[in-house]
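J.: What shape does this take:
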Amino acid sequence: MRRRILYDIEIAGRNISSLLNPVLQQINVHDGSDNEADTASIVIDDSYGQTILANARDPITIRLGLEGEGVREVFRGFIDEPRFKFDRSTGRTLSIEAKSVDLEGKAKEPVEKYWDDESLQTILNDAMGLAGIPIQVADEFASITRDYEAMDGEDPLSFVARIAREVGATFKVMGDRAVFAARNTGNGVDGQALEAFRVAYGQNLIRCDISPIIPRAKFSAFKHRWFDFAAGKFIEEVTEAVGKSDLVKNAPYATQGLAKETSSGEKTEAERKGGEGTIVAMGSSIPQADGKCLLSGARPGVDGSYIISSVDHSATRGAGYTVTLEVKRPDDGAGTDNR
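T.: Next comes the predicted model:
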């Protein structure tokens with residue numbers, strides 16, 4: 001028996017869930033972990049033009065769940081644009097489009113700024129402070145010190161996203177806050193494990209399409225050079241991994257720290273690309289980007305744990321509630337058939 005979908009929607013601090021009950025058709029939320037803004041849309045029956053247009057930049061929060069489980073927050077951001085559609089077959093609809101980042105604010109304003117001998121905690125706090133958004137930085141990155149770092153005409157979002165790519169972190173903005181978290185761990189920015197989402201054949205699995213082994217992503221070592229002025233020579237920073245060939249970057253890096261951090265970050269990203277796939281399951285508010293998905297009952301070599309790269313929540317009045325997971329980094333048996 002299909003359980004009733006629960007939702008809780010706030011716009012500009014006002015809960016409008018009861019007002020939407022008679023006209024709500026669909027809720028879609030995209031929760032990602034690859035430095036892109038999360039998105040959401042709410043589709044409303046607007047047969048008589050009865051719904052008042054939402055104001056752009058109004059804050060919006062969406063919570064989803066199923067009867068018996070309660071609701072959890074799956075999206076926090078700002079109204080991006082209302083969109084009206086008319087079609088002879090479907091009638092009049094109004095959709096509220098939203099993004100997790102206010103793209104009209106200071107977050108996209110280019111800045112000239114530099115730091116000498118500062119920690120990433122200070123650098124990232126300063127950068128996001130220019131956008132008026134507090135950021136929480138995971139402990140493994142907070143204490144990294146950079147001899148020199150600069151925003152050379154970059155906006156705060158682009159700057160922090162670049163740093164995230166260099167050190168192998170996930171950078172996300174969620175409305176009025178931001179996080180800078182470790183990748184491939186299944187942990188939140190506080191270091192605590194995110195709740196794993198369990199998917200099982202014969203229970204909540206609807207379909208899946210998975211490649212648990214992608215050999216081209218594997219390297220035996222990641223090598224990056226930097227120039228030691230005191231010694232008068234190039235020095236290579238090496239991060240060991242598992243594979244048959246080395247990934248060598250001949251273009252020199254400015255400092256030893258940057259070369260080492262980038263080498264480690266590329267290993268993290270290569271491990272993430274060691275497998276990938278799509279899992280569609282019955283709806284739940286548990287899965288979240290950078291959390292873990294535990295798959296069972298599919299087959300040996302595919303069953304195991306995966307890092308969730310993105311989650312798409314789709315709650316529709318007629319079709320029910322489903323989640324579509326893009327998964328990466330197979331582990332715990334996934335990618336190995338030992339029979």
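J.: In the chain, mark out all the helices, start to finish.
T.: 17-20, 120-129, 139-142, 156-167, 256-272 (DSSP state H).
J.: measure the nearest residue to Gln121 once chain neighbours are set aside to Val189 for me?
T.: Excluding its sequence neighbours, the residue lying closest to Gln121 (C-beta to C-beta, 6 or more residues apart in numbering) is Ala142, at 4.0 Å. In this view, the C-beta of every residue, glycine as well, is placed from N, C-alpha and C. In this view, Ala142 and Val189 are 10 Å apart by C-beta to C-beta, to the nearest Å.
J.: For the two, work out which one has more neighbours and name it.
T.: Neighbours were counted for Ala142 and for Val189 using other C-beta atoms under 10 Å; Val189 has more, 21 against 15.
J.: Check the contact between that one and Pro134; I expect there is one.
T.: No. Between Val189 and Pro134 there is no contact under C-beta atoms under 8 Å: 12.0 Å.
J.: Could you list the low-confidence segments of the chain?
T.: Scanning the chain with the threshold set as pLDDT under 70 gives 1-2, 50, 52-53, 215-220, 241-254, 256.
J.: Please give me every residue in contact with the residue nearest to Gln121.
T.: Shown in contact with Ala142 (C-beta atoms under 8 Å, 6 or more residues apart in numbering): 119-121.
J.: any idea which of these is closest to Gly202?
T.: Nearest to Gly202 among those: Leu120, at 45.7 Å, using C-beta to C-beta.
J.: if I look at that closest one, how far off is Asp126?
T.: Taken as C-beta to C-beta, the span from Leu120 to Asp126 is 11 Å.
J.: which one of those two has more residues nearby?
T.: Leu120 (24 against 17).
J.: tell me the contacts of the spatially closest residue to that one that is not a sequence neighbour?
T.: Excluding the flanking residues, the one nearest Leu120 by C-beta to C-beta, 6+ apart is Ile144, at 4.6 Å. Neighbouring residues of Ile144 by C-beta under 8 Å, 6+ apart: 119-120, 167, 257, 261.
J.: how about a cut-off of 7 Å?
T.: 119-120, 167, 261 (C-beta atoms under 7 Å, 6 or more residues apart in numbering).
J.: Look up which residues are beta-bridged to Glu240.
T.: Ala221 (DSSP bridges).
J.: out of the helices of the chain, which comes closest to Val74?
T.: Using C-beta to C-beta, the helices of the chain put helix 17-20 closest to Val74, at 14.1 Å.
J.: coming back round to it: take the contacts of Ala142 and write them to JSON lines, including distance to Val311.
T.: Formatted as JSON lines, the contacts of Ala142 follow (distance: C-beta to C-beta, whole Å):
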{"residue": "Ser119", "distance to Val311": "32"}
{"residue": "Leu120", "distance to Val311": "27"}
{"residue": "Gln121", "distance to Val311": "28"}
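J.: can I see the domain layout of this structure?
T.: 5-99, 106-182, 197-214+274-331, 215-272 (automatic domain parsing).
J.: As CSV, those domains with distance to Asp337 would be great.
T.: Output for the domains of the chain, formatted as CSV (distance: least, C-beta to C-beta, whole Å):
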stretch, distance to Asp337
domain 5-99, 28
domain 106-182, 29
domain 197-214+274-331, 3
domain 215-272, 15
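J.: quick one, which of those is nearest to Asn338?
T.: It is, among the domains of the chain and with distance given as C-beta to C-beta, domain 197-214+274-331, at 7.4 Å.
J.: Nearest to Pro59 among the contacts of Ala142?
T.: Gln121 (26.8 Å).
J.: The closest one and Val137 touch, don't they?
T.: Yes. Between Gln121 and Val137 there is a contact under C-beta atoms under 7 Å: 5.2 Å.
J.: neighbour-wise, which of these two wins?
T.: Between Gln121 and Val137, Val137 has the larger neighbour count (other C-beta under 10 Å), namely 25 against 19.
J.: and that one, bridged to which residues?
T.: Applying DSSP bridges, one finds that Val137 bridges with Phe180.
J.: What residues sit buried inside stretch 124-133?
T.: Across stretch 124-133, burial judged by 16 or more other C-beta atoms under 10 Å covers 124-128, 130-131, 133.
J.: CA-only coordinates of that stretch in PDB, if you can.
T.: Output of stretch 124-133 as PDB, limited to C-alpha atoms (Å, rounded to 0.1, in the frame of the first residue of the first chain):
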ATOM      1  CA  LEU A 124      37.400  30.800   3.300                       C
ATOM      2  CA  ASN A 125      35.700  32.700   6.200                       C
ATOM      3  CA  ASP A 126      37.000  36.000   4.700                       C
ATOM      4  CA  ALA A 127      35.900  35.100   1.100                       C
ATOM      5  CA  MET A 128      32.400  33.900   2.000                       C
ATOM      6  CA  GLY A 129      32.100  36.800   4.400                       C
ATOM      7  CA  LEU A 130      32.200  39.100   1.400                       C
ATOM      8  CA  ALA A 131      29.100  37.400   0.200                       C
ATOM      9  CA  GLY A 132      27.500  37.600   3.700                       C
ATOM     10  CA  ILE A 133      27.300  33.800   4.000                       C
END
